[in-house]
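A.B. asks: what follows is a predicted structure for the sequence shown.
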Amino acid sequence: MSNRIIVKFDWLKLENYQFKILMLVKMLSTNEEQTTYSGTLQDMRNWLNLGQSPKNNKCIVNALNELKKNNIIDYEPKGRTYNISIIDEIKENDNIICNINKNWINDVRNYNIDNSKRLIESMSKVLLYAYHNVKGEYKTISNISEMLNLTYYQVTNAINNLKSCCFEDYSLFSKEYEKIHTTSGNMIKGTILQFTPNVFYNNY
């Protein structure tokens, strides 16, 4: 089974649990297309680092129902097992994020577990956005927040925590500058977020 996954950029805009369920399926899929997963609510809670509670179970089931309603997944419960299939097919003309190393997502999960964090969603989204930002485009944190369906605080907090993670030969890089917005004259702070090999940063 490949150690690389592909996701749609649009999935980064999904609500917390919906996004995490899709990542779970991609990470633990049992077919070559990385689109199917079978597991119990307990299995899913374990991967998401959630305790056993009716509230957590409800959040997962609600996310499954919303994903199914929006034709992103299909699922069928058999006893306690949920058989989940991603039906939102990835096409060549889609805006996709490819060659994502599963180890990076597991590093985020392990960092959350080791530090008692609840940031899997925000850290994973920011990491994938930064990896996708190959052109090094400047965006405001507010722009990034809107793109990822996160708050300003969630994005800045995720950036700070990602910088504390160990991704072997990769690192999160941020570079800020201020510019004059020509239409209003206001100072706007732009940020480049990238996740690339460490050798890249040695040139800065």
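C.D. replies: Ah, there it is. Numbers count the residues shown, from 1 in each chain.
A.B. asks: show me the shaky parts of the protein.
C.D. replies: Residues of the chain that meet the criterion pLDDT under 70 lie in 1, 180-185, 199-204.
A.B. asks: helices of that one, start to end?
C.D. replies: Along the chain, counting by DSSP state H, helices occupy 16-28, 41-47, 54-69, 102-114, 120-132, 141-148, 152-162, 198-201.
A.B. asks: looking at these, which is buried most?
C.D. replies: helix 120-132 (a mean of 24; mean count of other Cβ atoms under 10 Å). Backbone N, C-alpha and C define where each C-beta goes, glycine included.
A.B. asks: dump the C-alpha coordinates for that one into PDB.
C.D. replies: Taking Å, rounded to 0.1, in the frame of the first residue of the first chain, the C-alpha atoms of helix 120-132 are listed here in PDB:
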ATOM      1  CA  ILE A 120      -5.400  17.700  14.300                       C
ATOM      2  CA  GLU A 121      -7.900  19.500  12.000                       C
ATOM      3  CA  SER A 122      -6.200  22.900  12.000                       C
ATOM      4  CA  MET A 123      -2.600  21.600  12.000                       C
ATOM      5  CA  SER A 124      -3.400  19.200   9.100                       C
ATOM      6  CA  LYS A 125      -5.200  21.800   7.100                       C
ATOM      7  CA  VAL A 126      -2.500  24.400   7.500                       C
ATOM      8  CA  LEU A 127       0.200  21.800   6.700                       C
ATOM      9  CA  LEU A 128      -1.500  20.700   3.500                       C
ATOM     10  CA  TYR A 129      -2.200  24.300   2.500                       C
ATOM     11  CA  ALA A 130       1.500  25.200   3.000                       C
ATOM     12  CA  TYR A 131       2.700  22.100   1.100                       C
ATOM     13  CA  HIS A 132       0.300  23.100  -1.800                       C
END
